[in-house]
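> build the 3D model from these lines:
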Amino acid sequence: MAGSNGKNGKQKTARDMILSLGLISLAAGVIYLFIPHDDSAPDLKRVDYRVELLTARRAASYPVAAPQGLTADWKATSVRFSGENFNRWHLGFHDSEGEYVAVEQSAQKPSVFIDDATQGARETKVTQRIGDATWTRYEGDRYDALVLREKGSTTVVAGTAPFDRLTKMAQALRTT
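Now for the predicted structure:
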């Protein structure tokens, strides 16, 4: 008799646990359905980069570039200048399509800097004339890029945006 009560008790305990788990799952499902949730990306804060740009232009060993005349749908979201890091300049934007475009400049050795700024993109044989300069296209798994090598510095316009948007950014760059 003792054996049958023990077996019956274990079956009852297992059945109670399964019922409890079912009720908890049902409650979680109801809560999920009725609590509002937004799966869209958070709205990125626009940054004002004027002070950092002035600082970089005074401190850098090369003419620092920033866009002029872009429409309001280009939102500056990040800015950095590091004098200790080969006078590295970074200015990040999101366009109206939610794509990312960054302007990167540095006096660092071009091969090292380009690999870092383009997230490992590879040089192609395609070049394009933008203003008075010839830019080289790079293609990568994460970023595509336009690269301009000049005496004393390298400029990279890279990001998730397609080449027409990267070109638009490169066309807008000014050093004064």
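> please make it C-alpha for all contacts and neighbour counts, starting now.
Noted.
> any chance you could map the helices in this protein?
Along the chain, counting by DSSP state H, helices occupy 2-34, 50-59, 110-117, 163-172.
> nearest to residue 43, out of these?
Of all the helices of the chain, helix 163-172 sits nearest to residue 43, with 20.5 Å by Cα to Cα.
> could the C-alpha coordinates of that closest one be exported in PDB?
C-alpha atoms of helix 163-172 as PDB (Å, rounded to 0.1, in the frame of the first residue of the first chain):
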ATOM      1  CA  PHE A 163      27.100  54.100 -53.300                       C
ATOM      2  CA  ASP A 164      24.800  56.900 -54.500                       C
ATOM      3  CA  ARG A 165      24.300  58.100 -50.900                       C
ATOM      4  CA  LEU A 166      28.000  57.700 -50.200                       C
ATOM      5  CA  THR A 167      28.700  59.800 -53.300                       C
ATOM      6  CA  LYS A 168      26.200  62.400 -52.100                       C
ATOM      7  CA  MET A 169      28.100  62.700 -48.800                       C
ATOM      8  CA  ALA A 170      31.500  62.900 -50.600                       C
ATOM      9  CA  GLN A 171      30.200  65.600 -52.900                       C
ATOM     10  CA  ALA A 172      29.100  67.700 -49.900                       C
END
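> what helices and strands are in contact with that helix?
If contacts are counted by 3 or more Cα pairs under 8 Å, 6 or more residues apart in numbering; DSSP states H and E, helix 163-172 sits against strand 66-67, strand 122-130, strand 144-150, strand 153-159.
> partner strands of the longest one, with direction?
Meaning strand 122-130. Next to strand 122-130 in the sheet, as set by DSSP bridges, lie strand 133-139 (antiparallel).
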